[in-house]
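Undergrad: compute the structure for the input listed below.
(2 chains)
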2 protein chains.
Amino acid sequence: MDIAFLLYENMTSLDFIGPYQVFAMVPGARIHLVATEAGPVRTDAGVRIYAEQRLEEVPRADILVVPGSSDPSKPMGDERVLSWLRTVDESSKWTTSVCTGSLILGAAGLLKGKRATTHWMVTDALRQFGATPVAERVVFDGKLVAAAGVSAGIDMALTLVAKEFGDMVAQSVQLGIEYDPAPPFATGSLRSAPPAVIEATKAMLQPSVRS
Amino acid sequence: MDIAFLLYENMTSLDFIGPYQVFAMVPGARIHLVATEAGPVRTDAGVRIYAEQRLEEVPRADILVVPGSSDPSKPMGDERVLSWLRTVDESSKWTTSVCTGSLILGAAGLLKGKRATTHWMVTDALRQFGATPVAERVVFDGKLVAAAGVSAGIDMALTLVAKEFGDMVAQSVQLGIEYDPAPPFATGSLRSAPPAVIEATKAMLQPSVRS
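TA: Numbering: from 1, shown residues only, chains lettered A, B, ... in the order given. Alright, predicted model coming up:
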């Protein structure tokens, strides 16, 4: 099974590494780290991560993963990236996104008439692509799978591993990464966070999160 | 506040990126990505991540973070790394580890008489360093903070952000990364996983996890 990740300048590191860590532990999974050019990609927090292949070297994948970014406008406006996404989607078994990665899928025209999700700050931006925003952590619509913000990619990847490789493999990966989360606060979603935290978070992210 | 991450060949990508993503979002945090040499470091799942500074360029930090690896034996046997850890620890406010990163701290002599934790598969290995293994997700002993396997680094980092920057900042970061985890299974810890999953996970990890 071939799993391709789109890497790009300014992507969010955990959007990528969350599902990457899960899929990379599955026996038999072949991972492809793909960008417009092979080489280092600077994430929006600064750390540089290596893309190993150019878009044109990976024309197909069983699972396509598009991570998000605090500013996904560059890949959303790059016709070479959008065309590659459409090409891979033609034969993919699953086309997936984390966080604002769904906006990139939307720009490629792949969300029309679909239910999808994204980071809670930009949920309404999905409508411009003909998608119906859904405030859930992992949203399936046919072969399209969208995860909510940043950390939700871990839950999405484990769910997909269960579907493709069976519950035992997914459960083993989950135990392997000791994913028994114990968040120190109950403020991880728009439903649970108090208004003051929501406002503070918006102020913290506002300069960077754009759709 | 200066936060230094030790990067090294074969480290586990999510051990590093989990806390990195959390700390990097804190306003005012200065992140240092440190390795024996600046340049790309290949993680144990394959992806290459860039270290930006040599050990000797970063002799101090307020928070030191040591990620784990499926095979931490190389840094554990590298006196230059161990000496750097001892130097940074001398003036650090917090010395922390994720997963088998605690074994590297142990090899540096920093766990003597301390309570600590690590990946569940190698808990007993802590005893050789004079530490008392504790089966908890995040273990504090004075300024030493050890997180359990891989994904536990996210919980540890959020907990430390709350202590250093206040609950409001930590809660905002948690909402910013939408950390409202919904694991698909209840098999993420040794306590909750059924015996068959534990055996399958050991078989999956056995070739690689060594202390």
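
Undergrad: got the residue ranges for the strands in chain A?
TA: A:2-6, A:30-35, A:39-42, A:48-51, A:53-54, A:63-66, A:94-98, A:115-116, A:132-133, A:138-141, A:144-147 (DSSP state E).

Undergrad: list the buried residues for stretch A:34-46?
TA: A:V34, A:A35, A:T36, A:A38, A:P40, A:V41, A:T43, A:D44, A:A45 (16 or more other C-beta atoms under 10 Å in any protein chain shown). No exception for glycine: its C-beta is placed from N, CA and C like everyone else's.

Undergrad: ugh, wrong one, stretch A:69-89
TA: A:69-72, A:75-76, A:78, A:81-82, A:84-85, A:87-89.

Undergrad: nearest to B:P59 among those residues?
TA: Checking those against B:P59 by C-beta to C-beta gives A:S70 as the nearest, at 31.9 Å.

Undergrad: chain B versus that closest one, what's the distance?
TA: Distance, A:S70 to chain B, using C-beta to the nearest C-beta, to the nearest Å: 10 Å.

Undergrad: same check on A:D141?
TA: The value you get for A:D141 to chain B, if C-beta to the nearest C-beta is used, is 18 Å.

Undergrad: thought that residue was touching A:A116?
TA: Yes: A:D141 is within contact range of A:A116, at 6.7 Å (criterion: C-beta atoms under 8 Å).

Undergrad: when these two are compared, which one has more neighbours?
TA: A:A116 (26 against 15; other C-beta atoms under 10 Å in any protein chain shown).

Undergrad: and the more buried one, what does it touch?
TA: A:97, A:102, A:105-106, A:126, A:131-134, A:139, A:141, A:144, A:146 (C-beta atoms under 8 Å, 6 or more residues apart in numbering or on different chains).

Undergrad: how far away is A:T36 from A:S83?
TA: 11 Å (C-beta to C-beta, to the nearest Å).

Undergrad: got it, and A:Q53?
TA: Distance from A:Q53 to A:S83, by C-beta to C-beta: 16 Å.

Undergrad: likewise for A:V58?
TA: 13 Å.

Undergrad: same check on A:L111?
TA: Taking C-beta to C-beta, one finds A:L111 at 16 Å from A:S83.

Undergrad: go ahead and flag the most central residue of chain A.
TA: A:V98 (2.0 Å; C-alpha atoms, centre = their mean).

Undergrad: just the helices in chain A please.
TA: For chain A, the helices defined by DSSP state H occupy A:13-24, A:73-76, A:79-91, A:101-107, A:152-165, A:167-176, A:195-205.

Undergrad: quick one: end-to-end distance for stretch A:125-138.
TA: Distance between the two ends of stretch A:125-138: 17 Å, counting by C-alpha to C-alpha, to the nearest Å.

Undergrad: and chain B, is that stretch touching that?
TA: Yes: interface with chain B: stretch A:125-138 contributes A:R137, A:V138 (C-beta under 8 Å from any C-beta of the partner chain).

Undergrad: distance from that stretch to the middle of the chain?
TA: Taking C-alpha atoms, centre = their mean, to the nearest Å, one finds stretch A:125-138 lying 14 Å from the centre of the chain it belongs to.

Undergrad: what do you get for stretch A:147-166?
TA: 10 Å.

Undergrad: do the same with stretch A:5-14
TA: The mean C-alpha position of stretch A:5-14 is separated from the chain mean by 9 Å, C-alpha atoms, centre = their mean.

Undergrad: what about it, start to end distance?
TA: 13 Å.

Undergrad: same check on stretch A:81-99?
TA: 18 Å.

Undergrad: in chain A, which helix or strand is least confident?
TA: helix A:195-205 (a mean of 93; mean pLDDT, DSSP states H and E).

Undergrad: now do the buried residues in it.
TA: Those would be A:V197, A:I198, A:A200, A:T201, A:M204, A:L205, for helix A:195-205 by 16+ other C-beta under 10 Å.
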